[in-house]
Each structure stands twice: as C-alpha cells, then as structure tokens.
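Enquirer: Generate a structure from the sequence data that follows.
(2 chains)
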Amino acid sequence: MAVLNMVQALNQALEQEMARDSDVVVLGEDVGVDGGVFRVTDGLHAKFPNRVFDTPLAESGIVGTAIGMAVHGMRPVAEIQFSGFVFPAMNQLVCHAARLRNRSRGAVHCPMVVRMPSQGGVRALEHHSESVEAYFAHTPGLKVVMPATPYDAKGLLTSAIRDPDPVIFMEPTKLYRSVKEEVPEEQFTVPIGKANIIQEGDDLTVVTWGSYLKEVMDVLTKAEKPSVELIDLRSISPLDTETIISSVKKTGRCLIVQEAPRSFSVSSEISARITERAFLSLKAPVQRLAGYDLIMPMPQGEHLYLVNERRIRTAIEQVMTY
Amino acid sequence: MPRLVIEQYDPLKGQMLQLLDEKGSLSGKHQPMLSDEEALRLYKVMRLCRVMDQKALAMQRQGRMVTYVPTAGQEAASVGAIAALRKEDWVVPAFRETPGQIARGMKLSEVLLWQRGNEQGFSVMPSYRMMPVAVPVGSQTLHAVGISWAMKLRKEPLVAMTFFGDGGTSEGDFHEAMNFAGVFQTPTVFVCQNNQWAISVPRSLQSASKTIAQKALAYGFSGVLVDGNDLFAMHLAAKEAAEKARSGLGPTLIEAFTYRLGAHTTADDPRKYRKEDDVKAWIPRDPLVRLKLYLEKRRLWSEEQERSHHEECDAKVEEAVSEMERTVYEEDAIFMHHFAEMPPHLQEQYEEFRREAR
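Expert: Numbers count the residues shown, from 1 in each chain, chains lettered A, B, ... in the order given. You can find the predicted model right below:
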C-alpha cells in the first residue's frame, strides 16, 4: 500500500472520482494549470482539460456558479484558496446552497463540495490561518467536515463528492504534508457524520479535530497516564454525538481541544450536548482548551495563540484533578 | 449568421430597440418574430397577470396574503422574454417575476401559494424549468451562469435566462456573473428589468452608466437597450439572444427599459419618494394599453372580447384563490427538506417538535 500525505490523498480522491463520474468538475482560483497553491489539484487539468477550470478571482462567483452547475445535475468541487477568503461567498453558501433543497421543498438540491485550506500553524500571512468551521456548522442545510489524516482525507472527500447535499470540506494546511500513512489505492469512503476513536481509554475523553489531532497525539504518546480515549471528530456537522456521549459516560471526564476561538464555537456545542446527556456521569466540568477570542495573530505571534505540549498537558491535569 | 437586430443598437449612444410605439403602431423597421396568434395569446396572458396582480393587492390589504410584490407595468418584459425560450431552457428569476411564472405555465394557484407564504409553492417551479424565487438581490444571476455553464459542458443546445432589477446590477454578484459568463462564454441571457426604482432609490443613484445595457461591453459581450413595455421588441431581443447563445456565441445582456407602476412591495408607499406625475407619464406607455391598441387596429381584438376575457380572468383568479386558500400548510415539511437524509440531531428535534405540537 502506498504511503501518502494528505495532499496526495486528496489529489487521488479527486482524480479517481473524476474518472468514475463524468459529472464531477473542479473549479477555483489557480486549480488548473498551476494545480492549486497547495498542489491538491495537481495534474488534474492535464488529465481532464475540459473539467478543471481556472476561474476569475471571485469567491462568490465560484460558489454561485457551482450552485447552478449542481442544480443542472453536475457535481462541482469548488476550491476557495484559503478559508479566510470564503466570506465573499457566504451569501451564496448560506442563502442559496444551504437552502435550495428546503426552499424548493426537495425539488432541487445542491450536491457540491467547497474545499478550503484551513487553520493555522504554517506561519502564513493575515487571513491565511483561519478556523471558520463554526460559521458553517451554525447554518442549517450545510455539512461540514475536516479530516486530520491522509486516509480520512481521501475517504471523506470521496463521500463529500457523492453526497446529495452541499459539503464544506476543510483541509488543515498544517497537516497537508506533515503526516503520512498508508492509503489504499482503490476508492473507499469514510462516512460523513461519524467520529473516529483514535485510541480507547478509561479515564478521560479528549475530543479534537483538524490540525490539533497531531498535537494531542504527540502529547499522549509521551505519557501512559491518564488512560485517554481520543476522539477525532472528522465531521463537525452532523456531529457524532453518540460516540462522544458514550465515551464520556465511560470516562466521566472530557477535554475538548479546539483551534478556533472559544466563544460560541463547536466546543461550546459539544460541551452543551455532554451536559444535556451525560451530566450524571461527569466527575468534572467539561474542559475546553480552545483558541482565545482573538484575531489570529500573524506569524511572529502565532505561537502565542496556538496550543503547545505544555498547555495540553496542563489542561489534562486540570480536568483529572478537579 | 447575418447581423443581429440587437447588435444594430449601440447602448453607449442610448439607442433603444422598439417595434411597437405608444399609439400601437409598428415602426416597420423590424418585423416582429411573433405571429398574430402568438401576440394575441401573449396579450391574454399579460391581461391575466394584471388581473391577478390587482386581486393579490386587494387580498393583501384584506390580510389574506403576506407581503405582496406588485408587477403591474412590467408584463411585456417578462412575458416577451420568456416566450422566446424552449421548455427545456432554465429561467432563473428574482422576486418580481409573477408574470414570468404565469408565462412559463405555472398554475395561478401555485403562483399564489408561495406569495401566501407557503414554500410548497416553490416546489413546482423546477418542473417548469424555473428556479424558486431568489430574494437576496442579484445573487441568482450566478446560478444562471452555472446552469448554462453545465449545459455547455454537457453539449446541450439549451440556455439559461436570468431576471434581475436595476438595483440588482449594483450587487457584486451581478458583476461576477457577467464576468464568468463572458470568460466561459456561457449560453446565458441576462434580462435586467430596469423599472427605474429600487424601493425608493432611483435608477440614477444605482449607476453612473448612461445605460445598464452598456455594462455588457466591459465583460466582452453585447448588451442591448430594449423598450421593455413593447412585447414585440422584448420577444425579438430575447429570441435573438437565446438563439445566439444556443449556437455557441455566448451571453447577452438585455436591458428592459420599463416602469414599476405600483409600489416595491405592499410594505411601502411610493408617494413618499416619487411624484404622481412621473407615474402618470408612464400610463400611456403601459405595455397592455399599447398592445391592445395594436390588436384592435389589426382587428384581432375588440372591446367585447376584452370584456369577456376580463371576466374569464376574474373567474380563473377567483378559482385559484380558493384553491390556494384551501391548501393546508404541511407542518412536518419544515423538517423534511434540509438534507436528503435527516441527520440524528434533526431527527431528535423533529421528535421534540412532534411532541410539543400535540
């Protein structure tokens, strides 16, 4: 089995899905000849010259035309160059992609994927390191996923393209090339809405997603105690409540590690669901190690915002000694 | 292809395509592409639209309709343009397109249903190859470009026609749509219903361009200014634009120069922002008045036929209203159409809703 990084896994998913289904098209800024700024669409234009489009530099235009294509039966995969640039397309995503199925009472729908490199830790300039999943997860009618491994990246992207509804597909730039693993050559899917239990444990549930999965795993491999059950969400929305709740009922403790700003965030929702459904199992309040409610600092200050081993260890200690 | 009529009018010079003047006479410069029978049929449709418009306005005042979007004065622009399309083409409307829906063949009761505030009314539009009404201004133009782009990729000989107002041309999405259409040469027909007002803001404050049609030039394709109250001119322009798109020659922008005789919606009072005299000046230019004069001159129509058609329209509208008012709102449907498959968290909330609804 080939060892791939996330960029290669995503590229393979796109290529195989385009070969399988002639309705799949790719559009976005620099996705064609250049193969995307992170090379995720590398080689696709050469292979499918009439189905990979370098578009004008206009995010709303990319998403809005993708909606039209989806309405007429195609399966567009649109790329927003960085999640920090998705905001001009918010109207199209929130007011149209998310609502067309409901507005038409099921008569038209919007099977489309909007890919966007996301999150920080790569010393990028302003607007290139944003964690924006909560905006979309808060919108009825959208699905939101964020893989943290090459295997999941391939399987989730394949699922997203085949999904009958719009999927926001966030790719942690920090993990693009820093993690490699064996990924099957043949096509496979990872279901949307299912979290992954990375390791089982008895004392503490840690929930995370995206780039922080690797940070947490690095800490956990260095200590045998406590016995941690580590959950990678993979899907932000729909959220796999069941996996989280059954884990917390077993461990009685939960730490959520999230890169996005803390307030009104995905961690807020997870915490609320645990309180609603597993209150009597809790031995300590649900703890959140989340981003400060700050504008993401530029590269020289980035480390001040992001978690590190020490902060993760301290948070684990706090929830264990409550 | 011989030089198109729409390409003989220079929007930069403010030249406007018109076939039928205000006295109901054809100028003779261009021949209508509509037969007498077609013109008569479309006149009847336009009259039906007007009758329904008046009925809906009255019902809104009686509290039997939610906010209503009047369409009086703009019937020719919608009906003429849509008459140029094939059944398989797509229409992507804004929110002032009731005449277009009727022209496309929607049942009056279906049209009224969504105006009454029931999404079920939207559900039938796609079966007429028409998108549900788009309330966010200008954003729907991109969908038409996407649909027509897909048509082009699939090598289908089809077009997408999108409607928007003069206000809509100030939105960024309109410019992105025009730009994408130009770059990818999509078979798109842009129809701007320039009715001179965006709620209370006049056309002159939307853009410093002399015409809206000329904006197409900046995106690399042609635009034409058309008398939007002239059914023949609107049909001819739309027909040429659609056939041009169908034969792979790309998009066209049609500026339908028209006038909103009524309010923006029933929620505003136009007397506050425009003079009665301005409205009066447009009365003789009413698309129905002009076409009726023409048909009468050609002895295709009489006062007696008008009276009997009016009665027929009244009866049709009354029947549609009662059908609409009998339609029960499907309560569970508010949960049913967010995703192809209801996710677990919504399933839970749906069960909660069912319990609480009892």
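Enquirer: quick one: low-confidence parts of the stretch 251-358 of chain B?
Expert: B:358 (pLDDT under 70).
Enquirer: what about the closest residue to chain B within the stretch 1-150 of chain A, how many neighbours?
Expert: The stretch 1-150 of chain A approaches chain B most closely through A:Gly68 (2.0 Å), counting by Cβ to the nearest Cβ. (C-beta placed from N, C-alpha, C; glycine too.) Neighbourhood size, A:Gly68 [other Cβ atoms under 10 Å in any protein chain shown]: 34.
Enquirer: What distance do you get for the nearest residue to B:Pro287 once chain neighbours are set aside to B:Gln62?
Expert: Distances taken as Cβ to Cβ, 6 or more residues apart in numbering or on different chains place B:Ala76 nearest to B:Pro287, at 3.4 Å, with adjacent residues excluded. Between B:Ala76 and B:Gln62 the computed distance is 29 Å (Cβ to Cβ, to the nearest Å).
Enquirer: between these two, which one's more packed in?
Expert: Shown here are B:Ala76 and B:Gln62; by other Cβ under 10 Å, B:Ala76 has more neighbours (30 against 8).
Enquirer: still on that earlier bit, can you give me how far the helix or strand hosting the residue of the stretch 1-150 of chain A closest to chain B is from the chain middle?
Expert: Assigned by DSSP states H and E, A:Gly68 belongs to helix A:59-71. Centroid displacement of helix A:59-71 relative to its chain, using Cα atoms, centre = their mean, to the nearest Å, is 21 Å.
Enquirer: Ok, stretch A:162-173 next?
Expert: Counting by Cα atoms, centre = their mean, stretch A:162-173 comes out at 8 Å from the chain centroid.
Enquirer: Kindly report the same for stretch A:297-305.
Expert: For stretch A:297-305, the distance to the chain centre is 22 Å (Cα atoms, centre = their mean).
Enquirer: try stretch A:259-275
Expert: Counting by Cα atoms, centre = their mean, stretch A:259-275 comes out at 16 Å from the chain centroid.
Enquirer: Stretch A:308-317 too?
Expert: Centre to centre, stretch against its chain (Cα atoms, centre = their mean), the figure for stretch A:308-317 is 23 Å.
Enquirer: Against B:Ala103, how distant is the residue nearest to B:Pro287?
Expert: Distance, B:Ala76 to B:Ala103, by Cβ to Cβ: 10 Å.
Enquirer: Next: B:Glu37.
Expert: 16 Å.
Enquirer: Those two: who's more crowded?
Expert: Using other Cβ under 10 Å, the more surrounded residue of B:Glu37 and B:Ala103 is B:Ala103, with 25 against 9.
Enquirer: The chain: strands as residue ranges?
Expert: No chain was given, so I picked chain A. For chain A, the strands defined by DSSP state E occupy A:2-4, A:24-28, A:52-54, A:75-79, A:113-118, A:143-145, A:167-172, A:181-183, A:196-199, A:204-208, A:228-232, A:235-237, A:254-261, A:287-291.
Enquirer: let's do chain B instead
Expert: Going by DSSP E, chain B shows strands at B:16-17, B:90-92, B:160-165, B:188-194, B:197-198, B:201-202, B:222-227, B:252-257.
Enquirer: want to try JSON lines for those, with mean neighbour count and distance to A:Ser159 as columns?
Expert: Shown next, in JSON lines, are these (neighbours: other Cβ atoms under 10 Å in any protein chain shown; distance: least, Cβ to Cβ, whole Å):
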{"stretch": "strand B:16-17", "mean neighbour count": "22", "distance to A:Ser159": "51"}
{"stretch": "strand B:90-92", "mean neighbour count": "28", "distance to A:Ser159": "29"}
{"stretch": "strand B:160-165", "mean neighbour count": "30", "distance to A:Ser159": "30"}
{"stretch": "strand B:188-194", "mean neighbour count": "31", "distance to A:Ser159": "32"}
{"stretch": "strand B:197-198", "mean neighbour count": "20", "distance to A:Ser159": "43"}
{"stretch": "strand B:201-202", "mean neighbour count": "14", "distance to A:Ser159": "46"}
{"stretch": "strand B:222-227", "mean neighbour count": "28", "distance to A:Ser159": "43"}
{"stretch": "strand B:252-257", "mean neighbour count": "29", "distance to A:Ser159": "40"}
